[in-house]
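Chemist: take this sequence and fold it.
(one chain, ligands or ions: 2)
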Amino acid sequence: MIEFENVSKRFGQTRAVNDLSLKIESGELVALLGESGCGKTTCLRMINRLIDLDKGFISVNGEHVSDHDPVLLRRGIGYVIQGVGLFPHYSVGRNVAAVPQLLGWSTADIDARVTELLDLVNLPANQFADRMPSELSGGQRQRVGVARALAARPTVMLMDEPFGALDPMTRAELQDEFRALQQRLELTVVMVTHDVSEALLMADRIAVMHAGELVQIGTPHQLLTKPGDDRVEALLAMPKARAERVETLMKAERS
Ligand SMILES: Nc1ncnc2c1ncn2[C@@H]1O[C@H](COP(=O)(O)OP(=O)(O)O)[C@@H](O)[C@H]1O
Ligand SMILES: [Mg+2]
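Modeler: Ligands and ions are numbered 1, 2, ... in the order given. Below is the predicted model:
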């Protein structure tokens, strides 16, 4: 479980996040959705203390993150970003092994975990463990990023536009795969996105942000049927209109 209680963060004169309260249940995937600059990444990075908050509290599984050493905290929380940030001079296997190595696992445990994880993200270890990141497609690199983030068995995963840089087909495939994985492992996930369709199709609940504030939080169904205000309605207008056009095309083809 992740809880924000009246959290604020400024950068100089910029109010990046303003008095935000939000609760994410265990095993839930919540998307933070909103236009560029509305404070999504700042929220995410305050959870694992890549950014320290100014006011309020954030807790993970009932403990304030401020009570934890930031480095140790980060090792226990998965983090996946757009473009992945794999170590370019490390093989795929060594990338996935990075956190278990820092945690001092035995070589046998690390090797077994790397094999297990690469299988989990559909990159069989015998084919992929020794490849370099430059020898992978964008989608494969993103899969390695997910495997690496899962290495130390975190229960919480933070994702910042994780599928943003991929072509639409690969993106859809990874979205579906990740959602299935998240449900199977019962991961608690906060996923930042500005892609409304991605939020609608992947999230249990969507937290819509605007100018550092939470505008509405609800299930995709709630947002679509009962948008809290004009901003939420406007955000959903485009994917709704597209879905309706596709629907019309399908009907026209049948008759
Ligand atoms: N390190 C920083 N220094 C100064 N301003 C920042 C910094 N990080 C973010 N900001 C500002 O805070 C606001 C929120 O940024 P961010 O959380 O990255 O938004 P989002 O992820 O929704 O695009 C923006 O106005 C951004 O310019
Ligand atoms: Mg961002």
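Chemist: residue 212 and residue 15 touch, don't they?
Modeler: Yes: at 5.0 Å, residue 212 counts as touching residue 15 under the criterion of Cβ atoms under 8 Å. Just so you know, the C-beta spots here come from the backbone N, C-alpha and C atoms, and that holds for glycine as well.
Chemist: these two: which has the busier surroundings?
Modeler: residue 212 (23 against 16; other Cβ atoms under 10 Å).
Chemist: ok, now how distant is the more buried one from residue 92?
Modeler: According to Cβ to Cβ, to the nearest Å, residue 212 and residue 92 sit 38 Å apart.
Chemist: again, but for residue 222
Modeler: Using Cβ to Cβ, one gets 40 Å for the distance from residue 222 to residue 92.
Chemist: near ligand 1, which residues of the protein show up?
Modeler: The chain comes close to ligand 1 at residues 11, 14, 16, 34, 36-42, as judged by Cβ under 6 Å from any ligand atom.
Chemist: ok, of these, which come out buried?
Modeler: Of the members of those, the ones counted as buried by neighbours, 16 or more other Cβ atoms under 10 Å, are 16, 34, 38-42.
Chemist: how about the residue nearest to the spatial centre of the chain, secondary structure?
Modeler: The centre of the chain sits closest to residue 159, judged by Cα atoms, centre = their mean, with a distance of 2.2 Å. Three-state assignment for residue 159 (DSSP: H, G, I helix; E, B strand; the rest coil): strand.
Chemist: just the pLDDT for it.
Modeler: On the pLDDT scale, residue 159 is placed at 96.
Chemist: next one: residue 164
Modeler: Residue 164 carries a pLDDT value of 84.
Chemist: phi, psi of the residue lying closest to it once chain neighbours are set aside?
Modeler: Of all residues beyond its chain neighbours, the one nearest residue 164 is residue 82 (4.5 Å), with distances taken as Cβ to Cβ, 6 or more residues apart in numbering. Backbone torsions of residue 82, given as degrees, to the nearest 10, read phi -60, psi 140.
Chemist: what's the answer for residue 36, then?
Modeler: Geometry field for residue 36 lists phi and psi as phi -60, psi 130, criterion degrees, to the nearest 10.
Chemist: list the contacts of it.
Modeler: For residue 36, the contact set (Cβ atoms under 8 Å, 6 or more residues apart in numbering) comprises residue 194.
Chemist: can you check what pLDDT the model gives it?
Modeler: 92.
Chemist: any idea what whichever residue of the stretch 101-250 of the chain sits closest to ligand 1 is bridged to?
Modeler: Per Cβ to the nearest ligand atom, the residue of the stretch 101-250 of the chain with the smallest distance to ligand 1 is residue 192, at 6.1 Å. Residues in a beta bridge with residue 192, per DSSP bridges, are residue 32, residue 160.
Chemist: for stretch 121-136, what is the average pLDDT?
Modeler: pLDDT averaged over stretch 121-136 gives 95.
Chemist: buried residues in it?
Modeler: Buried, per 16+ other Cβ under 10 Å, within stretch 121-136: 121, 123, 125, 128-129, 133, 136.
Chemist: which pair in those has the greatest spatial separation?
Modeler: Spanning the widest gap among these are 125 and 133, at 15.5 Å by Cβ to Cβ.
Chemist: how about residue 177, what does it touch?
Modeler: If you count contacts by Cβ under 8 Å, 6+ apart, residue 177 has them with 121-122, 143.
Chemist: just the strands in the stretch 101-250 of the chain please.
Modeler: 156-160, 188-193, 205-210, 213-218 (DSSP state E, counting those that start in this stretch).
Chemist: let's have the ones you listed in a markdown table, adding distance to residue 86.
Modeler: Below are the strands of the stretch 101-250 of the chain laid out as a markdown table (distance: least, Cβ to Cβ, whole Å):
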| stretch | distance to residue 86 |
| --- | --- |
| strand 156-160 | 15 |
| strand 188-193 | 19 |
| strand 205-210 | 29 |
| strand 213-218 | 33 |
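Chemist: just the ones you listed: most buried one?
Modeler: Highest mean neighbour count among the strands of the stretch 101-250 of the chain (mean count of other Cβ atoms under 10 Å): strand 188-193, with a mean of 25.
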